[in-house]
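In: sequence unknown, structure follows:
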């Protein structure tokens, strides 16, 4: 668990999808988030960011051809400030990140750095008589980050045509770069493991592809509410790997569980998460003939569709241990066991910690790993005793580190590049929490007192999960004879094993 926003309510945000014509068809402007960013670092995204309270200022009506009432009608909401503010935020953020001209008038006199201070930017726009091009933005959907993400956004997406001849001027403090791409090429780069993307970016690119020109895109994307359509998001992440996002978003699953299809022809499916018919149809459409079903662990959000998929395919189910999965008997995995399907081979590595039956699957010959819930695309894994064990988890991370990985396919959120560095960050994070727990014992004894000290950077509504991490760490320290528990009170031991 890493730092999250201070409220379970998502932050208002806006994203601008900038299009232009090219000889290869419509192109879209993509940016790369700085790898140093804690949230979505290194991901390919569209320009955008958090809305500011100043974006809701009613004075924007004097600098916008679109009125607050017009914005409410276009977005089908009743909050005039939030409605027009979404248009303003999209233009402000795109101007800040890539220099996209935000409107008409003497914009050459509009200082770009003022976007860091939205109140001053508003005053300057009014002073110069700048009119934002709010009337040219086409509302194209909304994505609300599900519970469980380290940072949550309620993001409005807008599509706009770039002015003739305009080229981006990326701000290196905001993005690592910007480039034009056709949607088809961007998705091919994703499939070639040359980029990482979050679900809303992938879905928007999928909606953009296949159109002959920009006008057809603008007419087809108006005010699409993605999350109300019940569509299943899927994407090819490499020549050997495709993902289908299960429709089970929650506090624990983030946007949903990643179900992977590996190989071609006769394929392996990893963690069929739910029995939803549309989801299974999507899995089957990608998978073709399913030769094997591989399970990372038996938590319900990873195995809820096993029985339904077995009924459709008759494929054998591979899992660690003898217990059935979703009521289906299993073929027992042992450490090092290999599953071959569709020209791909998965090697099982027993990696307990998040769960006592957890395995990770190495994709042989690719330096890639299907990590289950040992490694997440955002945040860190929950270790919940008694089935979860911190010592086992740390040993598992050290073992995975020895595989010299480059890409990690996570159980939730996006895939991660830089596998060894990611694991090092995980280990450093746990070491920091370990120090914080020991420091907290200087002033606290009960778990309920320790949690707010160790997780002061985590909102209170997540402290129930934080409590599990504290207990897991204390149990590890107790096993190492560094702390002891007496009458539900924890305390340090000296080197002689005494309080």
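Out: Received it, and whenever you're ready, just let me know what you need. Small disclaimer: the values here were computed from a predicted structure and weren't measured.
In: count of neighbours near residue 420?
Out: Residues lying near residue 420 (other C-beta atoms under 10 Å) number 16. Yep, even glycine has a C-beta here, placed from its N, CA and C like the rest.
In: would it count as being in a helix?
Out: Yes - counting by DSSP: H, G, I helix; E, B strand; the rest coil, residue 420 is found in a helix.
In: wait, it sits on residue 408?
Out: No - here residue 420 does not reach residue 408: they are 9.8 Å apart, not a contact under C-beta atoms under 8 Å.
In: which residues does stretch 401-411 contact?
Out: With contact meaning C-beta atoms under 8 Å, 6 or more residues apart in numbering, stretch 401-411 is reached by 193, 237-238, 241, 243, 257-258, 260, 271, 296, 302, 349, 362, 366-377, 415-420, 422-424, 427.
In: pLDDT score for the residue nearest the centre of the chain?
Out: Centroid-nearest residue in the chain, with C-alpha atoms, centre = their mean: residue 413, separated by 3.6 Å. Note on residue 413: pLDDT of 86.
In: low pLDDT regions in the protein?
Out: Within the chain, the stretches with pLDDT under 70 are 1-8, 36-41, 146-151, 193, 222-231, 495-499.
In: care to break it down by domain?
Out: Domain assignment of the chain by automatic domain parsing yields the ranges 11-226, 230-420, 441-492.
In: will you turn the ones you listed into CSV that also has distance to residue 433?
Out: Formatted as CSV, those follow (distance: least, C-beta to C-beta, whole Å):
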stretch, distance to residue 433
domain 11-226, 15
domain 230-420, 9
domain 441-492, 6
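In: of the ones you listed, which is nearest residue 432?
Out: Closest of the domains of the chain to residue 432 is domain 441-492, at 9.7 Å (criterion: C-beta to C-beta).
In: now the end-to-end length of the closest one.
Out: One end of domain 441-492 to the other measures 7 Å (C-alpha to C-alpha, to the nearest Å).
In: how distant is that domain from the center of its chain?
Out: Remark: domain 441-492 is offset 28 Å from the chain centroid, using C-alpha atoms, centre = their mean, to the nearest Å.
In: same check, this time on stretch 90-98
Out: Using C-alpha atoms, centre = their mean, the offset of stretch 90-98 from its chain centre is 22 Å.
In: which SS state does the closest residue to residue 221 other than its chain neighbours fall under?
Out: Spatial nearest neighbour of residue 221, excluding adjacent residues (C-beta to C-beta, 6 or more residues apart in numbering): residue 140 at 4.1 Å. Following three-state DSSP, we place residue 140 in the strand state.
In: then the one 3 residues further on?
Out: Residue 143 carries the three-state label strand when classified by three-state DSSP.
In: what do you get for residue 188?
Out: Going by three-state DSSP: residue 188 is helix.
In: tell me how far it lies from residue 239.
Out: Residue 188 sits 10 Å away from residue 239, going by C-beta to C-beta, to the nearest Å.
In: spatially nearest residue to residue 282, not counting backbone neighbours?
Out: Spatial nearest neighbour of residue 282, chain neighbours left out: residue 232 (4.2 Å); criterion: C-beta to C-beta, 6+ apart.
In: my guess is the one you found contacts residue 279. True?
Out: Yes - here residue 232 reaches residue 279: they are 5.4 Å apart, a contact under C-beta under 8 Å.
In: what about those two, which has more around it?
Out: Legend: neighbour count by other C-beta under 10 Å for residue 232 and residue 279, higher for residue 279 (26 against 19).
In: now the more buried one: which helix or strand?
Out: Using DSSP states H and E, residue 279 sits in helix 277-287.
In: what does that helix contact?
Out: Helix 277-287 is contacted by residues 230-232, 234, 242, 244, 246-247, 259, 261, 267, 269, 272-273, 290, 305, 308-309, 312-313 when judged by C-beta under 8 Å, 6+ apart.
In: now, those residues that are in strands?
Out: Here DSSP state E is the test, and the contacts of helix 277-287 give 234, 242, 244, 259, 261, 267, 269, 290 as lying in strands.
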